[in-house]
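*Asks:* Sequence and predicted structure are below.
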Amino acid sequence: MSDFLVSARKYRPVNFDDVVGQEIITTTLKNAIKNNKLAQALLFTGPRGVGKTSCARIVAREINNFEIDDDNTYNIFELDAASNNGVEGIRNLIDQTRIPPQIGKYKVYIIDEVHMLSSGAFNAFLKTLEEPPAHCIFILATTEKHKIIPTILSRCQIYNFKRISTEHIITHLKEICKIENIKYEDDALIQIASKCDGAMRDALQLFDKVIGVNKNITSKIVEENLNTVDFDTYTELINDIKSKDIPKIMVSVNQILDNGVAGDLFLSGLSSFYRDILVSKNKLSHNLLNYEDKRVKTLLSLSSDINFNILIEYINLLNEAEINFQKSLNQRLLIELSILKISSLEFNEEKKKFKYRLIPISDFQSQVFISQYSNAIEQKKPKPIANLSVSEFQTSTLSLKSIEKNKEINDLDLDSEVEYSNNNELILEDIIEVWDNYTNIQEEKGRYNIASILRISSPKFKNNTIIYSVPNNTTSLEIDSEKQNLLLFLRNKLESDIGLLIEIDKKMDENKAYTNKDKFEVLKKKNPLIDELRNTFKLSI
């Protein structure tokens, strides 16, 4: 057990040719050393695990012509700025620079995570960094270049390390597999490389984790040990989303989460998969895909009936969900809701806008409940307009925002409007009954404002038009915002192509009781005994 050495250390680069994915930087450093034009202060900056410290050690060995196994502790000093970030630590370092090297030509100081130095330490380091002794070279390494003060940056020759591409990581892992006699599937290495975010050290750590289970690396083993979702699972989920199979989508999402896949990683993976579908729609961008030809064809088939607008909106919705994930108290519900939004999203080419088309409840029942309880539930054909009779998303208060939102919902309803005949003979009693039914529905939903407005007066009927009187412009505007849904409800229930006219009758406002005294007079007219009750108990109004 003690003899085991992690791959990140075992296969750390020992010369410039071993460094993966940083060809431009290694070529520049080699030529600078060869021509004796290397600066005395270097700054290596870039993401974690891309070879900054390894390159610093290689530079230190090359300029001194040390062999790999040489004991060079008297010439190469590695300091951690996180634990030596004060002025005193820098002063000690400056004192050491005055002493020339005992062996070799240069003393090399490698300062890792240099952005952790305090402001005072940076200022104490300035003069030495600008004019170091001839036998000293400083190599600073950092992942956060923006935290280093400009006066330090101006004294250094800066090398920007980039993230290592997935192709380079896969190639390096294949070489290690050949050395270690490990069998592998290409897709398994692709999964490892895709999960490490361009960091070779992270890739090698994941690699060690997988080969600790089995020397034969397969996609299934990687999926189980790294908690990732494989290509086929994503493909199946996206086909369910395209077919709007809500029960199957819900089951699939929960199975993925129950298998230990982190919710934010699942959202990120799904959005990346949709990105790959988007990229596959054009042959010029196929080189951005890290899949074999067979899977690229699968992506092409998935993208065939999804346009660019929809794909971009899918990615946008998933990205928003990923941003809000940590803030959510019910993270699983956030994931489910995001997937359901994607399932119901549609794009109107004529109006150039997105809308959520509600999936009929009958479809949901037929997919789950009817299949399981076919003897207990009778299938009934839903009426075309039933699911669009009343909007769940409207507000009952009057505002510009509510009017605008109602307009959007009305546009959605008008797309599905049904034609009715005018041959039905309607009577006022039936109209009032349906009107009261709609009012009670709004009240049950907590929309008390609109319900009270619909009870201000009693509707009248003339020339196939319902006439409803309101006392002022404010209530008229409120009714107008509700008019489309109300009219669709009435037409559906009465099965007649009737109209609706809103009239303003200001006399209604004059007769309305506002004060407590006015209300008492109205009650007294309805029941004279109320006045006797007030006198008996000497009640005040």
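*Replies:* Perfect, thanks for sending it. Just so we're clear, the structure is a prediction, and the values are computed from it rather than from any experiment.

*Asks:* Packing partners of the helix or strand containing F273?
*Replies:* Using DSSP states H and E, F273 falls within helix 263-280. Contacts defined by 3 or more Cβ pairs under 8 Å, 6 or more residues apart in numbering; DSSP states H and E place helix 263-280 against helix 231-243, helix 246-258, helix 293-303, helix 308-324, helix 331-344. Where C-beta positions appear, they are placed from N, C-alpha and C, glycine not excepted.

*Asks:* Output these in JSON lines; the columns should cover mean neighbour count.
*Replies:* JSON lines is the format used below for these (neighbours: other Cβ atoms under 10 Å):
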{"stretch": "helix 231-243", "mean neighbour count": "17"}
{"stretch": "helix 246-258", "mean neighbour count": "16"}
{"stretch": "helix 293-303", "mean neighbour count": "15"}
{"stretch": "helix 308-324", "mean neighbour count": "17"}
{"stretch": "helix 331-344", "mean neighbour count": "18"}
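
*Asks:* what's the residue located most distally from the centre of the chain sitting at in phi/psi?
*Replies:* Note on the chain: the largest C-alpha distance from the chain mean falls to T536, namely 69.0 Å (Cα atoms, centre = their mean). When quoted as degrees, to the nearest 10, the phi and psi of T536 stand at phi -60, psi -50.

*Asks:* circling back: out of the helices and strands packed on helix 263-280, flag the one nearest D264.
*Replies:* Ranking the helices and strands packed on helix 263-280 by proximity to D264 (Cβ to Cβ) places helix 308-324 first, at 5.9 Å.

*Asks:* picking that back up, to I63, which of the helices and strands packed on helix 263-280 lies closest?
*Replies:* Using Cβ to Cβ, the helices and strands packed on helix 263-280 put helix 308-324 closest to I63, at 45.7 Å.

*Asks:* helices or strands next to the closest one in the packing?
*Replies:* Packed against helix 308-324 by the contact rule (3+ Cβ pairs under 8 Å, 6+ apart) you find helix 263-280, helix 331-344, strand 345-348.

*Asks:* Helix 231-243 and that helix, what's the angle between them?
*Replies:* 110 degrees (axes from the mean of the first three to the mean of the last three Cα atoms, to 10 degrees).

*Asks:* re earlier: can you redo the helices and strands packed on helix 308-324 as JSON lines with mean pLDDT and distance to L189?
*Replies:* Converted to JSON lines, the helices and strands packed on helix 308-324 look like this (pLDDT from 0 to 100; distance: least, Cβ to Cβ, whole Å):
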{"stretch": "helix 263-280", "mean pLDDT": "89", "distance to L189": "17"}
{"stretch": "helix 331-344", "mean pLDDT": "89", "distance to L189": "28"}
{"stretch": "strand 345-348", "mean pLDDT": "71", "distance to L189": "35"}
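
*Asks:* Mind putting the ones you listed into JSON lines with distance to R163?
*Replies:* Listed next are these as JSON lines, based on distance: least, Cβ to Cβ, whole Å:
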{"stretch": "helix 263-280", "distance to R163": "15"}
{"stretch": "helix 331-344", "distance to R163": "28"}
{"stretch": "strand 345-348", "distance to R163": "32"}
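
*Asks:* Check which helices and strands the lengthiest helix in the chain is in contact with.
*Replies:* Secondary structure of the chain per DSSP state H: the longest helix is helix 473-494. Judged by 3+ Cβ pairs under 8 Å, 6+ apart, the packing partners of helix 473-494 are helix 400-414, helix 428-444, helix 448-453, strand 465-470, strand 499-504.

*Asks:* how does it look with 6 Å?
*Replies:* For helix 473-494, the packing partners by 3 or more Cβ pairs under 6 Å, 6 or more residues apart in numbering; DSSP states H and E come out as helix 400-414, helix 428-444, helix 448-453, strand 499-504.

*Asks:* Tell me the secondary structure at I139.
*Replies:* Judged by DSSP: H, G, I helix; E, B strand; the rest coil, the three-state class of I139 is strand.

*Asks:* Flag the shaky bits of the protein, pLDDT-wise.
*Replies:* Where the chain drops to pLDDT under 70, the residues are 1-2, 68-74, 347-424, 508-515.

*Asks:* correct me, but F489 touches T439?
*Replies:* No: applying Cβ atoms under 6 Å, one finds F489 not in contact with T439, separated by 10.5 Å.

*Asks:* May I have the phi/psi pair for D80?
*Replies:* The phi/psi pair for D80 (degrees, to the nearest 10) is phi -100, psi 110.

*Asks:* Is it bridged to anything, and to what?
*Replies:* For D80, the beta-bridge partners under DSSP bridges are D112.

*Asks:* burial of it, as a residue count?
*Replies:* D80 sits with 14 neighbouring residues when counted by other Cβ atoms under 10 Å.

*Asks:* Can you pull the domain assignment for the chain?
*Replies:* Structural domains annotated on the chain: 7-160, 166-226, 231-371, 400-503, 511-541, as defined by automatic domain parsing.

*Asks:* Torsion angles phi and psi at the residue nearest to L43 when sequence neighbours are not counted?
*Replies:* Distances taken as Cβ to Cβ, 6 or more residues apart in numbering place C156 nearest to L43, at 3.9 Å, with adjacent residues excluded. The phi and psi values for C156, taken as degrees, to the nearest 10, are phi -120, psi 150.

*Asks:* what's the neighbour count on C156?
*Replies:* By other Cβ under 10 Å, neighbour count at C156 equals 21.

*Asks:* Please report how far it lies from L488.
*Replies:* 71 Å (Cβ to Cβ, to the nearest Å).

*Asks:* ok, now L345?
*Replies:* 23 Å.

*Asks:* okay, the two: which has more neighbours?
*Replies:* Taking L345 and L488 together and counting by other Cβ under 10 Å, L488 has the greater number of neighbours (20 against 16).

*Asks:* any idea how far that one lies from K445?
*Replies:* Here L488 is placed at a distance of 16 Å from K445 (Cβ to Cβ).

*Asks:* Give the helix, strand or coil label for L42.
*Replies:* strand.

*Asks:* and the gap between the closest residue to it other than its chain neighbours and C55?
*Replies:* Sequence neighbours aside, I139 is the residue nearest to L42 in space, at 4.8 Å (criterion: Cβ to Cβ, 6+ apart). I139 sits 9 Å away from C55, taking Cβ to Cβ as the criterion.

*Asks:* Settle it for me: which of these two has more neighbours?
*Replies:* Using other Cβ under 10 Å as the criterion, I139 and C55 rank with I139 on top: 27 against 23.

*Asks:* I'd say the more buried one and D112 touch.
*Replies:* No: contact criterion Cβ under 6 Å: I139 and D112 do not qualify, at 9.3 Å.

*Asks:* List the residues that contact K283.
*Replies:* For K283, no contacting residues are found, by Cβ atoms under 6 Å, 6 or more residues apart in numbering.

*Asks:* for N464, phi and psi?
*Replies:* Given degrees, to the nearest 10, the pair of backbone angles that N464 has is phi 60, psi 30.

*Asks:* count of neighbours near it?
*Replies:* 12.

*Asks:* Can you give me the distance of it to S476?
*Replies:* Taking Cβ to Cβ, one finds N464 at 22 Å from S476.

*Asks:* just I246 next, same as before
*Replies:* 40 Å.

*Asks:* N282 now?
*Replies:* Taking Cβ to Cβ as the criterion, N282 is separated from S476 by 53 Å.

*Asks:* Compute the first-to-last residue distance for stretch 534-541.
*Replies:* Distance across stretch 534-541, first residue to last, is 9 Å (Cα to Cα, to the nearest Å).

*Asks:* And the contacts of that stretch?
*Replies:* Residues from elsewhere that reach stretch 534-541, judged by Cβ under 6 Å, 6+ apart: 516-517, 520.

*Asks:* Restricted to helices, list the residues you listed.
*Replies:* Among these, the members found in helices (DSSP H) are 516-517, 520.

*Asks:* Is there a neighbour count for the closest residue to P132 other than its chain neighbours? I'd like the number.
*Replies:* Leaving out its chain neighbours, the residue that sits closest to P132 by Cβ to Cβ, 6+ apart is Q40, at 5.1 Å. Per other Cβ under 10 Å, the neighbour tally for Q40 reads 19.
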